[in-house]
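**Student:** need the 3D shape of this:
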Amino acid sequence: MSSKILVALRIQASPEAVFDAFVDDIALWWRPNPLFSFTPRSPGVMAFEGDRLVERLASGKVFDVGEVRVWERGARLVFGWRQASFAPGVETEVEVRFEGVEGATRVTVEHRGWDAVPADSVARHGFPNAVFLHRHGEWWRTLLAGLATRANSRQLGAAGKGEA
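**Tutor:** I've put the predicted structure just below:
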């Protein structure tokens, strides 16, 4: 069995607009959480750069969060996820699905592979597995709420320019 987080939110925007907000505007809606920071020097600025998700730190250093594995605009995005405290070769995976539903988009985040991160890893903060997954899931819900605000803003801006 794989330890995973599964959260979903309906956003009042098209799948393409939500996908674009997710990847193009991640620096605007992403909210760092000190429990789940990528490095001890976080937070930085999140960005998709080429085939990677990175965090650009204030020092100018770049932390490679993970490789983009699937990029299907308006439908699906899959990328690796690791924190600096993970053992070499250990990572989790995030899959984001964008599904059109009744004029809106259901965004589903599945963050899987946490069973690869040992229970005593500093990344888990000593939480039992169920508590850790719950807390991390709460953070993903907060992130999706920020994404919703950004996607709605993008869509309203496009409508104001006659692009909707």
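
**Student:** please point out which parts of stretch 4-16 sit buried.
**Tutor:** Residues 4-5, 7, 9, 11, 13-15 are the ones in stretch 4-16 that count as buried (16 or more other Cβ atoms under 10 Å). C-beta here means a position set from N, CA and C on the backbone, and glycine is covered the same way.

**Student:** over to stretch 92-112?
**Tutor:** 92-99, 104-112.

**Student:** next: stretch 76-95.
**Tutor:** By 16+ other Cβ under 10 Å, the buried positions in stretch 76-95 come out as 76-84, 86, 91-95.

**Student:** please apply the same query to stretch 23-36.
**Tutor:** 23, 25-26, 29-30, 32-33, 36.

**Student:** now stretch 138-146
**Tutor:** Going by neighbour count (16+ other Cβ under 10 Å), the buried part of stretch 138-146 is 139-140, 143-144, 146.

**Student:** turn those residues into JSON lines, including distance to residue 45.
**Tutor:** JSON lines is the format used below for those (distance: Cβ to Cβ, whole Å):
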{"residue": "139", "distance to residue 45": "18"}
{"residue": "140", "distance to residue 45": "19"}
{"residue": "143", "distance to residue 45": "15"}
{"residue": "144", "distance to residue 45": "19"}
{"residue": "146", "distance to residue 45": "14"}
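
**Student:** keep only those of these that are in helices.
**Tutor:** Counting by DSSP state H, the buried residues of stretch 138-146 place 139-140, 143-144, 146 in helices.

**Student:** now what about stretch 100-111, what contacts it?
**Tutor:** With Cβ atoms under 8 Å, 6 or more residues apart in numbering as the test, stretch 100-111 has contacts from 4-15, 17-18, 22, 81, 92-99, 136, 140, 143-144, 147, 151.

**Student:** what do you get if the cut-off is 6 Å, keeping everything else the same?
**Tutor:** 4-12, 15, 18, 94-99, 140 (Cβ atoms under 6 Å, 6 or more residues apart in numbering).

**Student:** just the residues you listed: which are in strands?
**Tutor:** Those of the contacts of stretch 100-111 mapping onto strands are 4-11, 94-99, per DSSP state E.

**Student:** strands of the chain, start to end?
**Tutor:** For the chain, applying DSSP E gives strands covering 4-11, 45-49, 52-56, 62-72, 76-81, 92-101, 104-112.

**Student:** between these, which one is closest to residue 127.
**Tutor:** Residue 127 lies closest to strand 4-11 among the strands of the chain, at 13.0 Å (Cβ to Cβ).

**Student:** so for residue 120, which of the strands of the chain sits nearest?
**Tutor:** strand 92-101 (16.5 Å).
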